[in-house]
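this one's sequence-less:
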């Protein structure tokens, strides 16, 4: 099994396999048995990433395995120096058990999967997807809110170039009675493939320009930061005033039980001055992420878990 | 417990805990039990370092643990990309057991410690301190000279921007009857905070311009190299002629029992031609450093050592 | 024992020790005993390398050990920052068990060996040698063709600056009835030290300009790529038309039992369109390389193998 896009996961697998296992791992169960003893993950990154790399490294280490990797420059000369497919085949020959791939263009994970005998895990492919981020995001909602049906979720910020919100929208569509609020500047609206998918799956969603209009009825606010590297042609938006950012005013509007999520690293859209508010969940989200990635690795590993 | 500055260590802790343990570890005792099995250290470096990283990696590995890390560029764009405090909180969430931090500005380790549940180890904070270097330096003197009271020590070179000599002066002040010779160019004199600390603790010290004036009466010469990166506004000094460098003439003046130390990497101030002289102790110092860092990690780890 | 150059290996050692052990390791024997448990390799690279690093990392990990390392920039300022010999001595002090060295100039491995108590493994020294590549190349021929005597081998491409073909020519000369075809542009002929060695050892070789002239009678075609980084003063050659490249025409000429080898990464001289042909052996070669490097590490380790 490869992990290529959020759409590949069924609700049954999430609720019957991944999330229960993540919950047990978060409690420290199974970890002492080191279910991935001697398993090795290779991270192959064509774009820099620290959080994804470090969380997978931690997941492997806590389960008894190890990780090493390579950052490939996307400088034209280096890129041309070796085909993605060749790299992946050699990593197979070197007997790695998992390949975690971040590629600078959409479709990279799929190309890698076509030649790999071991699981390819898509850790981001350009402006495409980042499916393991969506898995941990949905797991965070489940742990923090207590349910996944009937959620009211706002995705806020750059919805054109931010792959985490793409994957998250696809994955949330698996659950019932979802209400999605897509809050972005006009120039950074959610991509049409996501909108078509939501339409096909009868998800009720609404696009708007000001988070404050809906803040009072939300369960989850998911804020993102503009990845300026990928945003060369789009306008950098202004996070001020609560349109697309968390401010004291937004916090006052938000219900008591709601949470604010952010994939980190954050910018001005989520000021540290608000961190004392227990509804700011971004660091708990990082911790949930570790549990989800540990669970995913166990499930990808053929004999990794005799659960 | 965090390791932030040399002043935090009492003589009792050094002589009753750290040094005896380092001595046992250097003899190979305790190592086979792998007291840090499955413990993980993360090195977070805002300035490059290889010796500090590699010695801590070795210390962790020899004790049964592991290390991984990240070098953060201090390019303004990258620096601004994530707050130090956020990085440290996430590393806590990923269940690392130690965070080894090198920061480009004074006070970095203290900021990290304020938000960390796991020990922060200051591996250098700008022109501030490098306390684990001082621990290994003092341990080296103890092992090589046989005592720590009544030592005559010359600190030589750039005493303004070199953090190792700051930390070492603070730590040596813990011991009795110290005589300190601060040998530096006029423009690179020891910092006023160090001088005030020495005054307050009644340490006899003398500032001078020529190592040869005192070489004949020393137990230890501690030579350093100008870190040109941090020396942008100061004059590069001339190591020639024995003023601030080890030459054949200086070696001839030095007593038989004395040692020459250097934190490495070395420049022209300690020419390899002299390495055959057994008083050149810089490589034994590196080896003592490994033992001290192993001991420190054991003592920082709550249950790491049921000694 | 250090691994410095291909000439140091006797036929007896290859056929009696290294290759049989590599064969057993490739079958999965001995690996479960983790014969290099707790052994640590340090890779010190003055030129970038991923394949060599990653295959040694994998070899160490599969045998129960670990690897870490450092890439040293050859920017003049950084180079001057620390002598190779000092780095090697400190790595000895940090108790690494193997040092894998890639150096940007010929003779680096020999300098390192002069000051090291632990094995130095030459992973390439400028345009000099890459002896572990030659070991795996010869092992590949043995496994794929079934014998090492009486082979007809073409070395194709840049034979002046490509160190893999240097080491391979030296090592192949150990075997009987070798016929070597050196196929290169006039400006990139094999180095004179290699030719002299072949002459002294009565190896029959022939220099030519067009691979197609001899393709029909070969057992092995060994194609290489011009490392443009090392090729600043030499002309980049044109791989087109089958002179120095594998084309459909060359494949049609090659005997059924022959193989095409390449140290990878490949350029246009070995187009992926031909990968379906089972005679293209470059990925099997990578896999054989892992087994050979595992075997080499076991044999270098004093008590690493109670075979």
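Yep, that arrived. Just so it is clear, the structure is predicted and the values come from calculations on it, not from any experiment. Numbers count the residues shown, from 1 in each chain, chains lettered A, B, ... in the order given.

Which pLDDT value belongs to the residue lying closest to residue A:116 once chain neighbours are set aside?
Nearest residue to residue A:116 in three dimensions, chain neighbours excluded: residue A:88, at 5.1 Å (CB to CB, 6 or more residues apart in numbering or on different chains). All C-beta spots, glycine's among them, are computed from the backbone N, C-alpha and C. At residue A:88 the predicted local distance difference test score is 97.

Helices along chain A, start to end?
A:11-13, A:19-26, A:51-62, A:76-79, A:84-93, A:108-115, A:131-145, A:163-172, A:192-200, A:248-253, A:282-300 (DSSP state H).

Residue C:198: which of these is closest?
Proximity to residue C:198 (CB to CB) singles out helix A:84-93 among those, at 31.0 Å.

among the helices of chain A, which is nearest residue B:189?
Closest among the helices of chain A, using CB to CB: helix A:51-62, at 41.8 Å.

wait, does that closest one contact chain C?
No - using CB under 8 Å from any CB of the partner chain, we find that helix A:51-62 stays clear of chain C, coming within 11.6 Å at best.

Can you spell out which helices and strands pack onto that helix?
For helix A:51-62, the elements it packs on are strand A:40-45, strand A:66-71, strand A:98-103, strand A:120-125, helix A:282-300, strand B:40-45, strand B:66-71, helix B:84-93, judged by 3 or more CB pairs under 8 Å, 6 or more residues apart in numbering or on different chains; DSSP states H and E.

Redo the helices of chain A as JSON lines? Include mean neighbour count.
Below are these laid out as JSON lines (neighbours: other CB atoms under 10 Å in any protein chain shown):
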{"stretch": "helix A:11-13", "mean neighbour count": "12"}
{"stretch": "helix A:19-26", "mean neighbour count": "20"}
{"stretch": "helix A:51-62", "mean neighbour count": "23"}
{"stretch": "helix A:76-79", "mean neighbour count": "11"}
{"stretch": "helix A:84-93", "mean neighbour count": "21"}
{"stretch": "helix A:108-115", "mean neighbour count": "20"}
{"stretch": "helix A:131-145", "mean neighbour count": "24"}
{"stretch": "helix A:163-172", "mean neighbour count": "26"}
{"stretch": "helix A:192-200", "mean neighbour count": "14"}
{"stretch": "helix A:248-253", "mean neighbour count": "15"}
{"stretch": "helix A:282-300", "mean neighbour count": "24"}
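
closest to residue C:213 out of these?
That would be helix A:84-93 among the helices of chain A, by CB to CB, at 28.9 Å.

what is the orientation angle of the closest one with helix C:51-62?
30 degrees (axes from the mean of the first three to the mean of the last three CA atoms, to 10 degrees).

so what's residue A:8 up against?
Applying CB atoms under 8 Å, 6 or more residues apart in numbering or on different chains, we find residue A:8 in contact with residue A:131.

Can you check the pLDDT for it?
96.

near chain C, which residues of chain A?
A:38, A:40, A:42, A:66, A:68, A:70, A:81-83, A:85-86, A:89-91, A:93-96.

what subset of those is also close to chain B?
The residues of the residues of chain A next to chain C that also fall near chain B, by CB under 8 Å from any CB, are residue A:66.

which ones are touching whichever residue of the stretch 101-250 of chain A sits closest to chain C?
Closest contact between the stretch 101-250 of chain A and chain C, by CB to the nearest CB, is at residue A:115 (9.7 Å). By CB under 8 Å, 6+ apart, the contact list for residue A:115 reads A:85, A:88-89, A:92.

just residue A:131 next, same as before
A:3-6, A:8-9, A:122, A:167, A:171.

Minimum distance to residue C:212: which of the helices of chain A has it?
helix A:84-93 (25.3 Å).

Give me the helices and strands touching the closest one, please.
strand A:40-45, strand A:98-103, helix A:108-115, helix C:51-62, helix C:282-300.

got the end-to-end distance for stretch A:181-200?
With CA to CA, to the nearest Å as the measure, stretch A:181-200 spans 17 Å from end to end.

Now for the residue nearest to residue A:104 when sequence neighbours are not counted, how many residues are close by?
Excluding the flanking residues, the one nearest residue A:104 by CB to CB, 6+ apart is residue A:46, at 4.6 Å. Other residues lying near residue A:46 total 23 when counted by other CB atoms under 10 Å in any protein chain shown.

just residue A:117 next, same as before
Residue A:117 has 8 neighbouring residues, counting by other CB under 10 Å.

looking at it, it is touching residue A:92, isn't it?
Yes - look at residue A:117 against residue A:92 with CB atoms under 8 Å: they come within range, at 5.3 Å.

For stretch A:289-304, give the mean pLDDT please.
Stretch A:289-304 comes out at a mean pLDDT of 90.

Can you say which of the helices of chain A is nearest to residue B:157?
Of these, nearest to residue B:157 by CB to CB is helix A:51-62, at 36.9 Å.

Quick one: distance of that closest one to the chain centre.
From the chain centre to the centre of helix A:51-62 is a distance of 14 Å (CA atoms, centre = their mean, to the nearest Å).

ok, residues contacting that helix?
For helix A:51-62, using CB under 8 Å, 6+ apart, the contacting residues are A:31, A:36, A:39-41, A:43, A:45, A:66-67, A:69, A:100, A:102, A:121, A:123-124, A:130, A:132-133, A:263-265, A:286, A:289-290, A:293-294, A:297, B:38, B:40, B:42, B:66, B:68, B:70, B:90-91, B:94-96.

Among these, the buried ones, what's the PyMOL command?
To isolate the buried members of the contacts of helix A:51-62 in PyMOL, using 16 or more other CB atoms under 10 Å in any protein chain shown:
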select buried, (chain A and resi 31+36+39+40+41+43+45+66+67+69+100+102+121+123+124+130+132+133+263+264+265+286+289+290+293+294+297) or (chain B and resi 40+42+66+68+90+91+94+96)
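
hang on, the earlier thing: quick one, what contacts the residue nearest to residue A:116?
By CB under 8 Å, 6+ apart, the neighbours of residue A:88 are A:44, A:99, A:101, A:112, A:115-116, A:120.

please redo it, this time with the cut-off set to 10 Å
A:42, A:44, A:96, A:99, A:101, A:111-118, A:120 (CB atoms under 10 Å, 6 or more residues apart in numbering or on different chains).

can I get these in CSV with pLDDT?
Output for those, formatted as CSV (pLDDT from 0 to 100):
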residue, pLDDT
A:42, 98
A:44, 97
A:96, 98
A:99, 98
A:101, 98
A:111, 97
A:112, 98
A:113, 98
A:114, 98
A:115, 97
A:116, 98
A:117, 97
A:118, 97
A:120, 98
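
what's the weakest-modelled helix or strand in chain A?
Within chain A, no helix or strand scores below helix A:76-79, which has a mean of 61 by mean pLDDT, DSSP states H and E.

Is stretch A:154-162 in proximity to chain B?
No - residues of stretch A:154-162 are not located near chain B by CB under 10 Å from any CB of the partner chain, the shortest gap being 15.3 Å.

Determine how far that stretch lies from the middle of the whole chain.
Distance of stretch A:154-162 from the chain centroid (CA atoms, centre = their mean) equals 13 Å.

tell me which residues in that stretch are buried?
For stretch A:154-162, using 16+ other CB under 10 Å, the buried residues are A:154-162.

Now the two most distant members of these.
Farthest apart among the buried residues of stretch A:154-162 - using CB to CB - are A:154 and A:161, which lie 18.2 Å from each other.

for the stretch 51-200 of chain A, which spans come out with low pLDDT?
Counting by pLDDT under 70, the stretch 51-200 of chain A has low-confidence residues at A:75-80.
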